[in-house]
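1. Could you look at this predicted model? Sequence included:
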Amino acid sequence: MDKLLLVLSIGLLICIFSCEGPDPNLDRQGEDELKALETVRPIKKSEQNFQDIVYIPIYSDIYVDQANQKALLAATLSIRNTSFTDSLFISKIDYFNTAGTLVRSYVENLINLPPMATVNYVIEKDDDTGGTGANFIVEFSARNADIKPLIQAIMIGHTGNKGFAFSTDGYSIMAKE
């Protein structure tokens, strides 16, 4: 009986410690999705005639009732290259909190996002460092101004037995050719 109890206890401990989900920012091989797209090769000026900075609002938590109780949210930043022919070069993805303080920078080297490709970054539900007024700043360049990437954030959360999801769009704050 003692051996059975020991085996069951060990099995239960293994189940508990193996329940942690995978990091949503890693691909199937365990590589960082953004790092896999980073390039160290210099990009020619002829490939970077157009530059833009985009502001994307993020909500890592929201108020849900009159008692000012907050619901934590998971947020996904999605950057989609909508061009069939040209790459998008991402030089900055910075995450700021409600006070405007830089929380994290996600780009070390230029990201080369191929035509029709998408890159996502997830802010975990338990990460409340951004607050209700968090935002991303994304800087990118492209061969020409005709490239129109789709940059959005999708937030999802729940309170009690009610779930909710919503999205926000990125807004150009400094385009230049």
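-> Yes, it's here.
2. Bridged to the most centrally placed residue in the chain, which residues?
-> The residue lying closest to the centre of the chain (CA atoms, centre = their mean) is residue 121, at 2.2 Å. Note on residue 121: beta-bridge partners by DSSP bridges are residue 77.
3. Per-residue pLDDT of it, please?
-> Residue 121 is assigned 92 on the pLDDT scale.
4. is it true that it touches residue 90?
-> No - if you go by CB atoms under 8 Å, residue 121 and residue 90 don't touch, sitting 10.8 Å apart. In this view, the C-beta of every residue, glycine as well, is placed from N, C-alpha and C.
5. In space, what's closest to residue 151 - neighbours in sequence excluded?
-> residue 170 (3.5 Å; CB to CB, 6 or more residues apart in numbering).
6. can you count the residues close to that neighbour?
-> Residue 170 has 23 neighbouring residues, counting by other CB atoms under 10 Å.
7. That one: what's it in contact with?
-> 54, 55, 56, 136, 138, 151, 152, 153 (CB atoms under 8 Å, 6 or more residues apart in numbering).
8. Wait, the first one touches residue 175, no?
-> So that's residue 54. No - between residue 54 and residue 175 there is no contact under CB under 8 Å: 9.0 Å.
9. and those two? which has more neighbours close in?
-> residue 54 (19 against 11).
10. Wait, a strand at that one?
-> Yes - with DSSP: H, G, I helix; E, B strand; the rest coil as the criterion, residue 54 is part of a strand.
11. Let's see the pLDDT reported for the residue nearest to it when sequence neighbours are not counted.
-> Closest residue in space to residue 54, ignoring its immediate chain neighbours: residue 170 at 4.1 Å, by CB to CB, 6+ apart. Residue 170 is assigned 96 on the pLDDT scale.
12. now residue 170: how far from residue 65?
-> Per CB to CB, to the nearest Å, residue 170 is found 29 Å from residue 65.
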